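Peer 1: One predicted model, sequence on top.
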Amino acid sequence: MDDSCIFCRIARSDLSAFKLFEDDLVLAFLDLHPIREGHALIIPKQHYPWFEEMPEPVAARIMTVGQRLARAMKREWKAERVAFFFTGIHVAHSHAHVVPMAHRHDVTSVRYLEEGIERFSLPPQPEDAVLARTAERIRGRLAQVD
C-alpha cells in the first residue's frame with residue numbers, strides 16, 4: 001500500500017468512506033462527487049496504479065462486485081442502465097465506477113458538454129482498411145504481452 005494514496009488510506013480504514021461492500025480483495029464505497037445518486041467506486045485493496053496491472057482474480061472480483069451493485073442500483077433507482085468503467089484520471093489507484101444512469105448522457109464525453117447535445121457529432125469513421133490495420137497492430141501486440 002501507498003501512504004500517499006487516498007484509496008490505499010480508505011482501504012486501510014485510515015479515512016472514512018460510505019462502504020457498500022468489502023472482502024479480502026476489494027472495497028466498494030460511494031463516490032464523494034457522484035454523477036448520479038448511488039455512484040460507487042470499487043477499488044482493489046492492494047495498490048495497483050493502473051487497471052491493466054491488477055492480477056486477473058482481482059479484476060474479475062471487481063467485475064463481479066460491479067455486477068451485483070448494478071443489479072441493486074437498477075432495483076433501487078429503476079434505472080434501465082448502469083454504467084461500469086475504469087478510470088485513472090484523478091487518483092492513480094485502479095478503480096471502477098458504477099453509476100446508475102437516469103439519462104443516456106449521464107456518462108458521456110466532454111465534447112457533449114462543450115458542443116451541446118444538438119451540435120455534437122461522432123468522430124469520423126475510418127475506412128475498413130484503416131480499421132483492419134489497427135486491429136492487426138493490436139493483435140500483434142497482444143501476442144507480446146501476458
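Peer 2: Okay, I see it.
Peer 1: for Arg141, helix, strand, or coil?
Peer 2: helix (DSSP: H, G, I helix; E, B strand; the rest coil).
Peer 1: next one: stretch 12-27 to chain centre, how far?
Peer 2: 17 Å (C-alpha atoms, centre = their mean, to the nearest Å).
Peer 1: And the contacts of that stretch?
Peer 2: Residues outside stretch 12-27 that contact it (C-beta atoms under 8 Å, 6 or more residues apart in numbering) are 1, 6, 9-11, 28-30, 40, 42-45, 57-58, 61-62, 65, 68-69. Yep, even glycine has a C-beta here, placed from its N, CA and C like the rest.
Peer 1: At which residues are the strands of the chain located?
Peer 2: 19-22, 26-30, 40-44, 81-87, 95-101 (DSSP state E).
Peer 1: Sheet partners, orientation included, of the third one?
Peer 2: For strand 40-44, the paired strands and their directions (DSSP bridges) read strand 26-30 (antiparallel), strand 95-101 (antiparallel).
Peer 1: Could you export the ones you listed as JSON lines, including mean neighbour count, distance to Leu131 and mean pLDDT?
Peer 2: Below are these laid out as JSON lines (neighbours: other C-beta atoms under 10 Å; distance: least, C-beta to C-beta, whole Å; pLDDT from 0 to 100):
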{"stretch": "strand 26-30", "mean neighbour count": "20", "distance to Leu131": "35", "mean pLDDT": "95"}
{"stretch": "strand 95-101", "mean neighbour count": "23", "distance to Leu131": "28", "mean pLDDT": "93"}
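Peer 1: possible to save those as TSV with distance to Phe51?
Peer 2: Putting the strands paired with strand 40-44 into TSV (distance: least, C-beta to C-beta, whole Å) gives the following:
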stretch	distance to Phe51
strand 26-30	13
strand 95-101	8
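Peer 1: Next, work out how far apart Arg119 and Gln125 are.
Peer 2: 19 Å (C-beta to C-beta, to the nearest Å).
Peer 1: for Ile62, same thing?
Peer 2: 32 Å.
Peer 1: So for these two, which residue has more residues nearby?
Peer 2: Between Ile62 and Gln125, counted using other C-beta atoms under 10 Å, the more crowded position is Ile62 (24 against 8).
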